[in-house]
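K.L.:
Below is the sequence, then the predicted model.
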Amino acid sequence: MSGAPSEAICRSNGPGVRLAFYGQGIQNSGNFQVGGNLNIGVQDNSDKDAEFLAALRSTDPSDDRTRIQRQKGGLLEDSYSWILDHADFRRWRDDEQSRLLWVRGDPGKGKTMLLCGIIRELEKLPADTRRLSYFFCQATDVRLSSATSVLRSLLYLLDQEPSLMSHVRKKFAHAGKQLFEDVNQWDALSKILANILQDSSRPNTFLIIDALDECETNRDQLLELLVQISSSYSAKLIVSSRNWPSVEKALRASTQKLRICLELNHESISSAVSRYIDHKVNELTQLNNYDSKTQDAVRHHLASNANDTFLWVALVCEELRKIETWDVLEVIKEVPAGLEDLYDRMMQQIQRLGRRDQEWCRSVLSAVTTAYRPLHQEELGYLSTLPLNIQKMNDHMSTVTGMCGSFLTIRDNVVYVIHQSAKEFLSSNTYIFPSGKRDQHHAMFSRSLKILSRTLRRNIYSLHAPGFPIDQVTPPVPDPLASIRYPCIYWADHLSDAIPLATSEPIDDLRDDCTVQQFLSKKYLYWLEALGLLRGIPEGMIAMTKLRHY
């Protein structure tokens, strides 16, 4: 049957054995029995569809949206309702020829929450009249900062409407998971999306992408695709970004675009920020029992210095939340206007801590800022080389993280940088990186190999037989891989980024009998086994490919 790759035949002479025949030539849609010993049927498409969606998933955008809204204190209707009445938004919504809306503004102006609000409103449309897919780019996480990740998540349209699966079944049946892993994945996925956009079973398709400036891998490729979609299909797109000339230049090719610049909508933004301030001050009053004098003073200072920046208000209120009520009036006078000045003040507060606490904060901030994705508290503990008695306790890790001002936040035991602008500030800070970021990459590479060397072993999950299907593997409790997920996948990336780009000198860690050689000679097969269990083989192999250049 080599000429029919979509068919599968199984035989057995034993009694009661189920035999299944699959193929395009079989029209039966159910199972039937012959003599009790033979069962012939067609493979259920739903199983293959579920397999496709599982392979497609790099992240679930709805989970990302929930997390982002929770991190930002929830979605307030007053913070986004103004844009629903904006003339350009209404034109985008109502005019068939106005297909691309670009929302642009400086950091902290509320672009992400605006798009969250728009998504909320679009979800109110009858489900059988629209398709809605979205993605939130985040430069703090490599899984959320590539054009391919955006495209894969947009294809989650398939999860909403099973009838669309007909556009991918044949391609996935031939290619399998390689469809998402080989060098042609962008072209393959782009064609699938194009086929879906041509499907007219529902009148409205909405694609929303937040923070294009935080798409760090193949951004130009993504922008080109968005322009093509806006010019060739009836789908409606909304994108947001900072005021970057490169984004503006790329979108210039779209003749169907509209733009909303937040800085040019001062009155609307100012009113939204004012209502946000009222909300935050009411929260602080309930939490810390402010009297009317304190309440009025806080509200006045926030309103006078916010400069239409939601993030600035949120960071100041986070600081006020932690201090005693009798200190509020004194502290509020010291809080500067502007994000950069506020970040400087937060850094100065860290530098005024005791020497030990300073070093701990510096270790934590340098590790979080250098990591390729947000770190679990246990991962952060060993990658920042905090004392063992702190690493092992989430409560202790939370205390150290709390000493880092408002640069970091913890959700579900995962540590996040509060905002991309904060990461950029920390990345360029010589106090956090006194020897430069390459040294920190090398330190994280070394720490990663140490814990991998200690932890990796043969058959780490104690599976009963070689070749056990990965989909049937249930991690043991406790999971021995839980603490080494990050170094398993990213150790080679850290080594690669620790090497100067223009170097022609031999790399010490890659010499014979040095760190990498010793690790691979003793643990290579165990590392591959762990990568397989973590479904990280493609990422691991890409990282190893980088090292072949040295």
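P.N.:
Arrived safely, thanks for sending.

K.L.:
For the rest of this, base every contact and every neighbour count on C-alpha atoms.
P.N.:
Fine.

K.L.:
these two touch, right, Phe89 and Leu101?
P.N.:
Yes - the pair Phe89 and Leu101 qualifies as a contact (Cα atoms under 8 Å) at a distance of 7.4 Å.

K.L.:
ok, now which ones touch Pro162?
P.N.:
Neighbouring residues of Pro162 by Cα atoms under 8 Å, 6 or more residues apart in numbering: there are none.

K.L.:
what's the distance between it and His266?
P.N.:
43 Å (Cα to Cα, to the nearest Å).

K.L.:
Look at Leu264 and say how many residues are nearby.
P.N.:
Neighbour count for Leu264, taken as other Cα atoms under 10 Å: 10.

K.L.:
Which pLDDT value goes with it?
P.N.:
If you check Leu264, the pLDDT there is 94.

K.L.:
go on, Met113?
P.N.:
Met113 is given a pLDDT of 96.

K.L.:
residues near it, how many?
P.N.:
22.

K.L.:
Helix, strand, or coil at it?
P.N.:
Classification of Met113 using DSSP: H, G, I helix; E, B strand; the rest coil returns helix.

K.L.:
following the helix or strand where Met444 lies, which helix or strand comes up?
P.N.:
Per DSSP states H and E: Met444 is located in helix 437-455. Once helix 437-455 ends, the next helix or strand along the chain (criterion: DSSP H and E) is helix 485-498.

K.L.:
tilt between that next one and helix 437-455?
P.N.:
Between helix 485-498 and helix 437-455, the angle formed by their directions is 140 degrees, by axes from the mean of the first three to the mean of the last three Cα atoms, to 10 degrees.

K.L.:
just how off-centre is helix 485-498 within its chain?
P.N.:
Centre-to-centre, helix 485-498 and its host chain are 18 Å apart (Cα atoms, centre = their mean, to the nearest Å).

K.L.:
Any figure for the gap between the spatially closest residue to Ser79 that is not a sequence neighbour and Asp78?
P.N.:
Excluding the flanking residues, the one nearest Ser79 by Cα to Cα, 6 or more residues apart in numbering is Ala272, at 4.8 Å. The gap separating Ala272 from Asp78 is 6 Å, by Cα to Cα.

K.L.:
If you count surrounding residues, which of these two has more?
P.N.:
Counted by other Cα under 10 Å, Ala272 and Asp78 do not tie: Ala272 has more neighbours, with 22 against 15.

K.L.:
wouldn't the more buried one be in contact with Tyr80 here?
P.N.:
Yes - with contact defined as Cα under 8 Å, Ala272 counts as touching Tyr80 (7.2 Å).

K.L.:
mind listing what the residue nearest to Ser79 touches?
P.N.:
Asp78, Ser79, Tyr80, Trp82.

K.L.:
thinking the first one is in contact with Ile277, fair?
P.N.:
No - Asp78 is not in contact with Ile277 according to Cα under 8 Å; the separation is 10.9 Å.

K.L.:
what residue ranges in the stretch 1-150 of the chain score low on pLDDT?
P.N.:
Counting by pLDDT under 70, the ranges of the stretch 1-150 of the chain that qualify are 1-45.

K.L.:
can you give me the strands in it?
P.N.:
Counting by DSSP state E, counting those that start in this stretch, the stretch 1-150 of the chain has strands at residues 8-9, 21-22, 31-34, 38-41, 100-104, 130-136.

K.L.:
residues near Glu529, how many?
P.N.:
Neighbour number of Glu529 under other Cα under 10 Å is 20.

K.L.:
do the same with Glu77
P.N.:
By the criterion of other Cα under 10 Å, Glu77 has 15 neighbours.

K.L.:
how near is it to Arg259?
P.N.:
22 Å.

K.L.:
Asp308 too?
P.N.:
19 Å.

K.L.:
Look at those two and report which has more neighbours.
P.N.:
Asp308 (25 against 17).

K.L.:
tell me which element the residue lying closest to that one once chain neighbours are set aside is part of?
P.N.:
Residue nearest to Asp308 in three dimensions, not counting chain neighbours: Ser270, with 5.3 Å by Cα to Cα, 6+ apart. Element membership for Ser270 (DSSP H and E) is helix 266-288.

K.L.:
C-terminal to that helix, what's the next element?
P.N.:
Counting by DSSP H and E, what follows helix 266-288 is helix 292-305.

K.L.:
what about the nearest residue to Glu181 once chain neighbours are set aside, how many neighbours?
P.N.:
Spatial nearest neighbour of Glu181, chain neighbours left out: Pro538 (6.9 Å); criterion: Cα to Cα, 6+ apart. The number of residues packed around Pro538, counting by other Cα under 10 Å, is 16.

K.L.:
Taking helix 485-498 as reference, get the angle to the host helix or strand of Pro538.
P.N.:
Assigned by DSSP H and E, Pro538 belongs to helix 537-547. Comparing the axes of helix 537-547 and helix 485-498 via the same axes, to 10 degrees yields an angle of 20 degrees.

K.L.:
Now tell me what touches the helix or strand harbouring Asn195 from outside.
P.N.:
Assigned by DSSP H and E, Asn195 belongs to helix 185-198. For helix 185-198, the external contacting residues (Cα under 8 Å, 6+ apart) are 148, 151-152, 155, 164, 167-168, 179-180, 205, 233-235.

K.L.:
between the helix holding Ser270 and helix 292-305, what angle do the directions make?
P.N.:
Using the same axes, to 10 degrees: helix 266-288 against helix 292-305 is 150 degrees.

K.L.:
list the contacts for the most centrally placed residue in the chain?
P.N.:
In the chain, the centroid-proximal residue (Cα atoms, centre = their mean) is Leu144; its distance is 3.5 Å. When the contact criterion is Cα under 8 Å, 6+ apart, the partners of Leu144 are Thr59, Phe136, Cys137, Gln138, Val150, Cys215.

K.L.:
what about the fourth one, how many residues close to it?
P.N.:
Right, the one you point to is Gln138. Gln138, neighbours per other Cα under 10 Å, totals 21.

K.L.:
Quick check: it touching Cys215?
P.N.:
Yes - the pair Gln138 / Cys215 is scored as a contact, 7.0 Å apart, by Cα under 8 Å.

K.L.:
okay, and the common contacts of the two?
P.N.:
By Cα under 8 Å, 6+ apart, Gln138 and Cys215 have these common neighbours: Leu144, Ser145.

K.L.:
tell me the domain boundaries of the chain?
P.N.:
Per automatic domain parsing, the structural domains of the chain span 8-43, 51-264, 267-334, 351-427, 437-547.

K.L.:
just how off-centre is the second one within its chain?
P.N.:
Looking back up the chat, that one is domain 51-264. On Cα atoms, centre = their mean, the centre of domain 51-264 falls 14 Å from the chain's centre.
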